[in-house]
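[1] no FASTA, just this:
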């Protein structure tokens with residue numbers, strides 16, 4: 001069982017030169033053995049179309065606190081049974097993670113016992129310490145630190161440190177290049193708080209899975225990172241089932 005906790009859908013234009021639409025997503029899921037995936041896009045309607053038409057696909061609501069009415073939009077999507085939480089991208093959308101404008105959506109998540117996935121690893125808006133401020137302000141909300149610090153060793157180590165300090169902070173592995181840090185994260189933050197993600201189509205799911213498999217973790221913990229932990233967080237039990245929201 002592999003549960004990919006971090007996938008993008010849609011077209012990402014000339015800057016990135018990649019796209020992932022429904023047919024391509026289905027091909028990836030089949031070829032890579034992805035039983036369940038979580039997807040998102042800045043246009044939530046794009047994600048909803050794919051979520052509603054593709055078995056095993058769930059969504060996160062992309063929320064931008066700089067836009068008027070963002071809480072109302074998020075509330076509408078969070079009422080959908082296949083949207084499991086919220087995605088925040090402070091870097092692309094240009095805000096501090098613990099800006100007071102973010103707090104209303106965090107209160108919505110707290111009421112629903114639903115998680116937030118926050119992009120991490122780039123100054124000035126998505127450094128681990130800034131995300132820690134948000135997690136500290138809302139200790140009842142599970143905060144998934146996407147990319148667990150990304151490509152800078154200082155930020156990777158900081159992400160692990162934050163997850164050690166904050167019981168509600170989880171680490172997601174996509175795009176983080178050091179396979180050995182996945183083992184260190186599991187050993188330091190605990191066996192349930194590290195989740196596999198691919199960041200497809202920016203990274204290939206098989207490449208990202210290989211990092212987990214080569215991390216040096218025992219097989220049981222590899223299986224947990226690749227699937228059971230996401231099931232546990234999003235659905236309340238290791239084997240799947242109804243969301244605890």
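    Noted; the coordinates are in hand. Model, not experiment: these values are computed from the prediction.

[2] what about residue 68, distance to residue 101?
    According to Cβ to Cβ, to the nearest Å, residue 68 and residue 101 sit 11 Å apart. Backbone N, C-alpha and C define where each C-beta goes, glycine included.

[3] who has more neighbours out of these two?
    The residue with more neighbours, out of residue 68 and residue 101 and counting by other Cβ atoms under 10 Å, is residue 101; that gives 15 against 7.

[4] can you spell out which helices and strands pack onto the top helix by length along the chain?
    Counting by DSSP state H, the longest helix found in the chain is helix 153-165. If you count contacts as 3 or more Cβ pairs under 8 Å, 6 or more residues apart in numbering; DSSP states H and E, helix 153-165 packs onto helix 128-137, strand 143-146, strand 169-172, helix 179-189.

[5] show me what the first one is packed against.
    With contacts taken as 3+ Cβ pairs under 8 Å, 6+ apart, helix 128-137 sits against helix 103-112, strand 143-146, helix 153-165, strand 169-172.

[6] give me the mean pLDDT for that helix.
    Along helix 128-137, the predicted local confidence has a mean pLDDT of 98.

[7] need the contact partners of that helix.
    Residues external to helix 128-137 that are found in contact with it (Cβ atoms under 8 Å, 6 or more residues apart in numbering): 90, 96-98, 102-103, 106, 118, 120-121, 141, 143, 145, 149, 155, 158-159, 161-162, 165-166, 168-169.

[8] same check on the longest one?
    For helix 179-189, contacts defined as Cβ under 8 Å, 6+ apart pick out 148, 156, 160, 163-164, 169, 171, 173, 176, 193-194, 210-212, 214-217, 221, 225.

[9] check which residues of the longest helix of the chain are buried.
    Using 16 or more other Cβ atoms under 10 Å as the test for burial, helix 153-165 gives 155, 156, 158, 159, 160, 161, 162, 163.

[10] quick check: mean pLDDT across it?
    In this model, helix 153-165 has a mean pLDDT of 98.

[11] hang on, the earlier thing: and of the buried residues of helix 153-165, the nearest to residue 22?
    For residue 22, the closest of these turns out to be residue 159, at 32.1 Å, with distances computed as Cβ to Cβ.

[12] quick one: which of the helices and strands packed on helix 153-165 is nearest residue 20?
    strand 143-146 (16.7 Å).

[13] name the helices or strands packed onto the closest one?
    Using 3+ Cβ pairs under 8 Å, 6+ apart as the contact test, the elements touching strand 143-146 are strand 116-119, helix 128-137, helix 153-165, strand 169-172.

[14] let me have the ones you listed in TSV, adding distance to residue 45 as columns.
    Formatted as TSV, the helices and strands packed on strand 143-146 follow (distance: least, Cβ to Cβ, whole Å):
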stretch	distance to residue 45
strand 116-119	19
helix 128-137	26
helix 153-165	32
strand 169-172	25
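
[15] out of those, flag the one nearest residue 62.
    When the helices and strands packed on strand 143-146 are ranked by distance to residue 62, counting by Cβ to Cβ, first place goes to strand 116-119 at 10.0 Å.

[16] which secondary structure elements does the closest one sit against?
    Contact analysis of strand 116-119 by 3+ Cβ pairs under 8 Å, 6+ apart lists strand 83-88, helix 90-93, helix 103-112, strand 143-146 as its packing neighbours.
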